[in-house]
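Trainee: Let me see the structure of the following:
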Amino acid sequence: MGIPEIKVNEQNLAGKSSNVSYVAQICSRIFSIATTLAATSVMVTCRQSITVFGIRIDVRYSYSSDFKFFAFAIASAFSMMSLFLLIVFTHPRGPRKPSNFFFLFLHDLWMMSLVLAGCTAATAVGYVGKYGNNHTSWMPICDHLGKLRSKATTSMAFAYASLFLFMLLATLIAWNIRQHSSIALTS
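Mentor: Residues are numbered from 1 along each chain as shown. Prediction:
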């Protein structure tokens, strides 16, 4: 009694892993749209009014150029990802060419860079708002603006989640490019 030979069809295995990767990409894109939408909507509604020495002060996200850049960067990523997903769902699924994966990789890398730039700008101004800067005599103000601080923190948490999803997407696309180029070389 010998061990039976199992014949593995490489194309069949590549097709199954490709379908899993495709589903993972679509799910990651949907979650990235959801997180960028949540981050944008929370930041845009970020405002608070306080009274200091009898003077009423209204504080909004748009008063800080860093928070404004953050909101526009995240909103741009949301709109580009939504547009991309709309195109994917309205056009029939054709043959998967490595050149298409390369353009997807560039798109995801660009979105990741945009979200990263917005996150770093908002994190920098948030750090100065929370801890101040003794060298320039900037006082911490977050202890007076609790509602604004918590909304900005929530928005940045959503944005960092979307940044992680964009990194995942770029990695998945790079893996797909590698898979398709190795299949093309062995064929």
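
Trainee: before we move on, which element is the residue most central in space within the chain in?
Mentor: Averaging the C-alpha coordinates of the chain gives a centre point, and the residue nearest to it by C-alpha atoms, centre = their mean is Ser162 (2.9 Å). Taking DSSP states H and E as the criterion, the element that holds Ser162 is helix 146-186.

Trainee: picking up where we left off before, ok, now which ones touch the closest residue to the residue nearest to the centre of the chain other than its chain neighbours?
Mentor: The spatially closest residue to Ser162, leaving aside those adjacent along the chain, is Thr35, at 3.9 Å (C-beta to C-beta, 6 or more residues apart in numbering). Every C-beta, even on glycine, is put in place using the N, C-alpha and C of the backbone. Listed by C-beta atoms under 8 Å, 6 or more residues apart in numbering, the contact set of Thr35 reads 158-159, 161-162, 165.

Trainee: Going along the chain, name the strands of this protein.
Mentor: 47-52, 55-60 (DSSP state E).

Trainee: So which residues lie in contact with the first one, not counting its own?
Mentor: For strand 47-52, the surrounding residues in contact (C-beta under 8 Å, 6+ apart) are 56-61, 144-145, 147-148.

Trainee: so Phe31 sits right up against Phe164, yeah?
Mentor: No - under the criterion of C-beta atoms under 8 Å, Phe31 is not in contact with Phe164, lying 9.8 Å apart.

Trainee: What ranges does this structure have for its helices?
Mentor: Listed from the start of the chain, the chain has helices (DSSP state H) covering 10-44, 65-90, 98-131, 146-186.

Trainee: got the angle between the helix or strand of the chain with the lowest mean pLDDT and helix 65-90?
Mentor: Least confident helix or strand of the chain, by mean pLDDT, DSSP states H and E, is helix 10-44 with a mean of 78. With axes from the mean of the first three to the mean of the last three C-alpha atoms, to 10 degrees as the criterion, the two stretches helix 10-44 and helix 65-90 enclose an angle of 140 degrees.
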